[in-house]
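Colleague: Give the three-dimensional model of this entry:
(one chain, ligands or ions: 2)
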Amino acid sequence: MKKISLDESSKGFTGLIEKISDQNVNVCYQCLKCTAGCPMVEEMDYTPAQIVHAIRLGVEDMVIKSNTIWICVSCETCSTRCPQGLDIAHLMDAARNIAFRRGIKPPESSGAIKDFYKVALGNIRTYGRMYELGMIMSYKMKTGDYLKDMKLGMKMGMKGKLKILPVKTKGAKEIDRIFASVEKLEKLENEGKP
Ligand code: SF4
Ligand code: SF4
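Modeller: Ligands and ions are numbered 1, 2, ... in the order given. This next block holds a predicted model:
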């Protein structure tokens, strides 16, 4: 993991991210429970607790240029573990949102991460929620990289995070409608219409 540098601090970032996520990062006392439970931490350049700390310090560059915010799969394990009730997954969402607004693309944007998001969103659209095992299988078929992350997959399986069969939520149809509306808006935006 990298160390946090204060040289990159940026005024107003903490307030902006708190506003978007509706969270108060000052409640964090760095117990590291979020980091300890994160199934993706080994792939991240900064841990979830480091990202929270950097947000508190207003170190925008470090947060929005980290691979952590893109590697995060929004599983919310960190949020449920936080003794202070901080929704770290929402902070990650807000950081991605700001990164997009600043024109920062995910590292390897044309490769693995882009494929991953495509597969993950397709999965959520189909089932109304994340079906992790199905998503992993689709992703592996798309990339052809069957052996990478096997250790991580086994670890997630042992922690009970990979259900064998998908469970479709009651609201799956509404989720599908949301995706369709977003697609429509994106199409209009690409055509330059408001
Ligand atoms: S679990 Fe909560 S309080 Fe502990 S380090 Fe993570 S964000 Fe901070
Ligand atoms: S929501 Fe993101 S940061 Fe939190 S535990 Fe899941 S992958 Fe890790």
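Colleague: separation between the residue positioned nearest the centre of the chain and ligand 2?
Modeller: Nearest to the mean C-alpha position of the chain, by Cα atoms, centre = their mean, lies residue 72 at 3.4 Å. Distance, residue 72 to ligand 2, by Cβ to the nearest ligand atom, to the nearest Å: 3 Å. To be clear about C-beta, it is placed using only N, CA and C from the backbone, and glycine gets the same treatment.
Colleague: Without its sequence neighbours, what residue ends up closest to residue 173?
Modeller: Excluding the flanking residues, the one nearest residue 173 by Cβ to Cβ, 6 or more residues apart in numbering is residue 128, at 7.9 Å.
Colleague: The one you found contacts residue 167, doesn't it?
Modeller: No: contact criterion Cβ atoms under 8 Å: residue 128 and residue 167 do not qualify, at 9.0 Å.
Colleague: This structure against ligand 1: which residues are in contact?
Modeller: Residues of the chain lying near ligand 1 by Cβ under 6 Å from any ligand atom: 28-34, 49, 52, 81-82, 84, 86, 88.
Colleague: of the residues you listed, list those near ligand 2.
Modeller: residue 88.
Colleague: Where does the prediction get shaky in this structure?
Modeller: Applying pLDDT under 70 to the chain picks out residues 1-11, 108-111, 143, 145-149, 189-190, 192-194.
Colleague: Could you pick out the residues of it near ligand 2 for me?
Modeller: 37-38, 40, 48, 72-78, 88-89, 92.
Colleague: how about 5 Å then?
Modeller: Contact residues (Cβ under 5 Å from any ligand atom) of the chain with ligand 2: 38, 40, 48, 72, 73, 75, 77, 78, 89.
Colleague: Show only the entries of the residues you listed found in helices.
Modeller: Among these, the residues falling in helices (DSSP state H) are 48, 77, 78, 89.
Colleague: got a markdown table for those, with neighbour count too?
Modeller: Compiled in a markdown table, these are given as follows (neighbours: other Cβ atoms under 10 Å):
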| residue | neighbour count |
| --- | --- |
| 48 | 29 |
| 77 | 21 |
| 78 | 29 |
| 89 | 21 |
